[in-house]
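S.K.: Here you go, sequence then predicted model.
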Protein chains: 2
Amino acid sequence: MSKITLKEISKILGISTSTVSKALKNYSDINVDTKIRVQELAKKHNYTPNAFAQSLRSRETKIIGILVPELVHHFFSSIIDGAINEAEKHGYLVIVLQSHESYEDEIKQLKLLVDKNIDGIMLSLSDKTVKYDHIRTIINEGMPVVLFDKITHLIDCPKVIIDDRKAAFSATEHLIKTGCKKIAHITGPLKPKTTIDRFMGYKIALETYNMPFNKTLIYTSENLSFEDGYNLAGQIMAEHPDIDGIFAFIDPVAIGVLKRLKEDKIKVPKQVSIIGFSNWFMSRTTSPALTTIDQPGYQIGRNAFQLLLKNLNHKREGKPFTSETVEIPTSVIIRQSTRAIMAPVI
Amino acid sequence: MSKITLKEISKILGISTSTVSKALKNYSDINVDTKIRVQELAKKHNYTPNAFAQSLRSRETKIIGILVPELVHHFFSSIIDGAINEAEKHGYLVIVLQSHESYEDEIKQLKLLVDKNIDGIMLSLSDKTVKYDHIRTIINEGMPVVLFDKITHLIDCPKVIIDDRKAAFSATEHLIKTGCKKIAHITGPLKPKTTIDRFMGYKIALETYNMPFNKTLIYTSENLSFEDGYNLAGQIMAEHPDIDGIFAFIDPVAIGVLKRLKEDKIKVPKQVSIIGFSNWFMSRTTSPALTTIDQPGYQIGRNAFQLLLKNLNHKREGKPFTSETVEIPTSVIIRQSTRAIMAPVI
DNA sequence: ATGAAAGCGCTAACAC
DNA sequence: GTGTTAGCGCTTTCAT
C-alpha cells in the first residue's frame, strides 16, 4: 500500500494532473464540485505530495541544519530544543550535527548540509575555528546562515549572542556586593572568545569597584570539567588561603570547586563564595545550591531560528540577507553558594 | 555562483548527460579520456549532484528521523549522539524531533517524518502512548522503524533495550549486599513499562534475599524531579525512621533525596544508603557522589542505528524486515552514597 | 564507447 | 474551468 500520486488520482477521476494539483491547493479557478471530488478522493487515499518532487521544483526542502560543537551538553541541547520547536511551528524540520570542537569536522559537516540542499544553517563555531572562509563561501553561494553563541564578528550574517563580558561582570559584581574582597577567577582554554570575554568582565568589575587585579588569582581549566574544578580549588586555597570568592568559567568547574572546599572543610559561602556560569541543571541540586549565571539556551535557539526564517523568506523574495545581531539577556541566579546581599548602609 | 548541473557539464564538453553521469560514477564502459575530462571539469566547478533529483529517482533521502520524548535530557541526548555519529559513518543525516511525552505529538511528528519521505525512523515511545496503530501503520507501509529504550513488545520491529528489571535488581541487590535491611523504593508514574520493570526488579531482589516486601515502602514521584526526591525523602524518613536504604527511580530524584537527608543531618551512607538510576552527569559531582546504574545511552543510539541500517538495506534488496531485540548491558557504578561491600564471613 | 529518450511526481504558464 | 505541455536534475535502458 504505497503512496498514491497526483497522476493516479487524475486517472481515477478522469481529469488532468494539473487540475488535481490546483484543486488540492484550492485554486480559485477550479470548479467547486471538482475540488470536492478531488479532495475527497485524496483524503480517502491519504494522499500526501511527494516531498522530493516538490523540492525538485521549488528548490526548497523545508529542512534546516543545526551544527553545534557538542550535543550532549545542557546548554546546547536547550538551544536545539528551542530551535526545533520554533522550526516546527513554521513547518521546518531540523537536522542536527556536531563538530566535536574540530575545525575539520565543522567543514565536513557543513558540506554534508550544503550538499543535501537544505534551506538554511544554524551554526555555533567550534573552539578550534579561527578561519572563516568555509562559512563565507557557503553564505556567498546563497545559503542563509545564522551564528549563535560561539560566533565571530568577522562573518557578515545574523547572530544571536549573550554578552559574556556583561554576564561575567554581573557575576563578579555579585561577589563584590556580597562582601568578597579577594576573588579568584577560573578561566577556560585560551582562544575562544567566550574565555576572553568572561575574563574581561571579571577584570572590569574589579576595576569598577576599585579592587586590585592580581594576575596570580587567574587559574586555567583546560577541560572545563568537574575534575578540573576539584583540583584547582585545592591549588587556589593552598596558594591563596585568604581567597573569599571564586568565579568559575562554567558550572561543572564551580561544582568541582564546591566539592573540594567541602571536603577541605572550608565553609561555603561563609568563608568562600562561589559563582558559576551557565545554570546547568545540576547547579540547583548541589548543597549548597550554586549561584550562577543563567544563559537561556531555549531562547537562543528560538531567536536564532527566527532570524534564519527571516532570511529564508528574504531569499525566496529575492531580497538581500539581513545581518542583525540579537543579544539575549542573562541573569544572576542567586542561590546558596554566595552570601546574601548586604543592605546598603544609609 | 549557483551549482552546476550534469546538463551544463555535458554542454560544455559537447557530450551527453548520460555519459557525464556514467563518467562520474566510473562506469567501466566509458572511455578513460572522457572520464578524466568529465571528472576534472566536475571538480573544477565543484559539482555535487542535486540531492532532490537523486532522491526523486532513487526513492531514498539518506536522511533518517529520530523521535525522543525529550531532547534536553542526558540519557536521550547521549542516545542521539550515538545515533548521529553512527549514521554519519554510513552517509546518513539525522532529523531530531521530540514528542514531549505526548501521544498526539508523537503521531504528529511521525507524520511529518513520513511525509518527508525519510528513509527510516528511530523511535522512543512517549509515556502516554498505549495504542500502537499509528506505528504499525507506518511499518506496514514499508517504513523501517527501530524502537529503543521506551518500547513495547506489541510492535513487531527491531528494538534496543536495557533490561530495567535486571538493572533494578542489581541496584537493590547492591543495597542488600552492603548491609541494608529496610529499603524503600521511589517509583515513577504508573503506566510506563520502565516503572513497572524497575519496581519488579526491586521486589524480586527482596524476595531473592528473603527480605519482606512492604507496600508502604513504595513511594511515587510523579515528575521524577529533584524536588520530588527532596520532598519524598522527608516523608519517607518521617514515616519510616528506620529506613537504611533508598533505591530511587532516577538520578535527579536520588539527588533530591541526598540533599534532603543532608539537610536533615542524616548520614549518607552511614545511616541511609542511596542508589540512583541512569548515571546522569551530575551524579558523580554530588557529595557524597551518587552510586547509580549506568545506562549506556551512546551505545543504545549506535546499536539502534545499526539495526535500522540493516532494515534499510533489507528494504532496498526487497527482503523482509528483521525484528531482533538487542539488549545493552547496564552496570552498577559504585560511588560514595552506598557503603562498601562487606567481605563475606567465612 | 556514447547518446537518445523515458520517467521519477509535481507545478505552472499557457492554451483552449 | 480544464487540459496540455514543458521542465526541475538525475539515472538507466536500449540503440547505435
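M.R.: Looks like it arrived, so ask away. Only a predicted model underlies this, so the values are computations on that prediction, with no experimental measurement involved. Numbers count the residues shown, from 1 in each chain, chains lettered A, B, ... in the order given.

S.K.: what about A:N231, how many neighbours?
M.R.: Other residues within reach of A:N231 by the criterion other Cβ atoms under 10 Å in any protein chain shown amount to 16. No exception for glycine: its C-beta is placed from N, CA and C like everyone else's.

S.K.: need the strands for the stretch 101-250 of chain A, in chain order.
M.R.: Counting by DSSP state E, counting those that start in this stretch, the segments of the stretch 101-250 of chain A that form strands are A:120-123, A:145-148, A:159-161, A:183-187, A:218-220, A:245-248.

S.K.: Output those as CSV; include the columns mean pLDDT, mean neighbour count and distance to chain B.
M.R.: Below are the strands of the stretch 101-250 of chain A laid out as CSV (pLDDT from 0 to 100; neighbours: other Cβ atoms under 10 Å in any protein chain shown; distance: least, Cβ to the nearest Cβ, whole Å):
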stretch, mean pLDDT, mean neighbour count, distance to chain B
strand A:120-123, 98, 26, 13
strand A:145-148, 98, 27, 16
strand A:159-161, 97, 23, 18
strand A:183-187, 98, 25, 15
strand A:218-220, 97, 17, 19
strand A:245-248, 98, 29, 13
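
S.K.: Save those strands as JSON lines, and put in distance to DNA strand D too.
M.R.: Compiled in JSON lines, the strands of the stretch 101-250 of chain A are given as follows (distance: least, Cβ to the nearest atom of the strand, whole Å):
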{"stretch": "strand A:120-123", "distance to DNA strand D": "19"}
{"stretch": "strand A:145-148", "distance to DNA strand D": "22"}
{"stretch": "strand A:159-161", "distance to DNA strand D": "31"}
{"stretch": "strand A:183-187", "distance to DNA strand D": "49"}
{"stretch": "strand A:218-220", "distance to DNA strand D": "49"}
{"stretch": "strand A:245-248", "distance to DNA strand D": "51"}
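
S.K.: closest to DNA strand C out of those strands?
M.R.: In terms of Cβ to the nearest atom of the strand, the element of these nearest to DNA strand C is strand A:120-123, at 20.3 Å.

S.K.: Can you give the strand pairings for that closest one, parallel or anti for each?
M.R.: strand A:63-68 (parallel), strand A:145-148 (parallel) (DSSP bridges).

S.K.: Out of these, which gets nearest to A:T48?
M.R.: strand A:63-68 (16.0 Å; Cβ to Cβ).

S.K.: pLDDT on stretch A:28-45, on average?
M.R.: For stretch A:28-45, mean pLDDT rounds to 87.

S.K.: what's around whatever residue of chain A ends up closest to chain B, how many residues?
M.R.: Per Cβ to the nearest Cβ, the residue of chain A with the smallest distance to chain B is A:M282, at 3.3 Å. As a burial measure, A:M282 scores 25 neighbours (other Cβ under 10 Å).

S.K.: Equivalent analysis for A:K166, please.
M.R.: Neighbours of A:K166 under the rule other Cβ under 10 Å: 17.

S.K.: got a list of what it touches?
M.R.: A:K166 makes contact with A:G201, A:T330, according to Cβ atoms under 8 Å, 6 or more residues apart in numbering or on different chains.

S.K.: at 7 Å instead, please
M.R.: Residues near A:K166 by Cβ atoms under 7 Å, 6 or more residues apart in numbering or on different chains: A:G201.

S.K.: Export the strands paired with strand A:120-123 as TSV, with columns for distance to DNA strand C.
M.R.: Below are those laid out as TSV (distance: least, Cβ to the nearest atom of the strand, whole Å):
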stretch	distance to DNA strand C
strand A:63-68	16
strand A:145-148	26
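
S.K.: between these, which gets nearest to B:V272?
M.R.: B:V272 lies closest, by Cβ to Cβ, to one member of the strands paired with strand A:120-123: strand A:63-68, at 39.9 Å.

S.K.: Output the closest one as PDB, nothing but the C-alphas.
M.R.: Provided in PDB are the C-alpha atoms of strand A:63-68 (Å, rounded to 0.1, in the frame of the first residue of the first chain):
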ATOM      1  CA  ILE A  63      14.600  21.300   6.300                       C
ATOM      2  CA  ILE A  64      17.300  23.300   8.100                       C
ATOM      3  CA  GLY A  65      20.500  22.100   9.700                       C
ATOM      4  CA  ILE A  66      22.000  23.000  13.100                       C
ATOM      5  CA  LEU A  67      25.600  22.400  13.800                       C
ATOM      6  CA  VAL A  68      26.800  22.600  17.400                       C
END
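
S.K.: residues contacting A:L97?
M.R.: Going by Cβ under 7 Å, 6+ apart, A:L97 touches A:G65, A:L67, A:Q109, A:L113, B:I84.

S.K.: Please save the CA atoms from the helix or strand containing it in CSV.
M.R.: Using DSSP states H and E, A:L97 maps to strand A:93-98. Extracted C-alpha coordinates of strand A:93-98, given in CSV (Å, rounded to 0.1, in the frame of the first residue of the first chain):
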residue,chain,number,x,y,z
LEU,A,93,12.4,20.0,10.2
VAL,A,94,15.9,20.1,11.8
ILE,A,95,18.9,18.0,11.0
VAL,A,96,21.3,18.0,14.0
LEU,A,97,25.1,17.7,13.5
GLN,A,98,28.1,18.0,15.8
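
S.K.: Spell out the secondary structure type for A:V332.
M.R.: Using DSSP: H, G, I helix; E, B strand; the rest coil, the structure places A:V332 in strand.

S.K.: That one: neighbouring residues, count only.
M.R.: A:V332 has 17 neighbours, counted by other Cβ under 10 Å.

S.K.: does it have beta-bridge partners, and which?
M.R.: In this structure, A:V332 bridges to A:I293 when assessed by DSSP bridges.

S.K.: same check, this time on A:V160
M.R.: Bridge pairing for A:V160 (DSSP bridges) gives the partners A:F148, A:V326.

S.K.: what sits against it?
M.R.: Neighbouring residues of A:V160 by Cβ under 7 Å, 6+ apart: A:V146, A:F148, A:I300, A:N303, A:A304, A:L307, A:V326, A:I328.

S.K.: before we move on, what about A:P252?
M.R.: Counting by Cβ under 7 Å, 6+ apart, A:P252 touches A:L224, A:S225, A:F226, A:G229, A:W280, B:T285.

S.K.: residues of stretch A:89-99 that come out buried?
M.R.: Within stretch A:89-99, the residues scored as buried using 16 or more other Cβ atoms under 10 Å in any protein chain shown are A:Y92, A:L93, A:V94, A:I95, A:V96, A:L97, A:Q98, A:S99.
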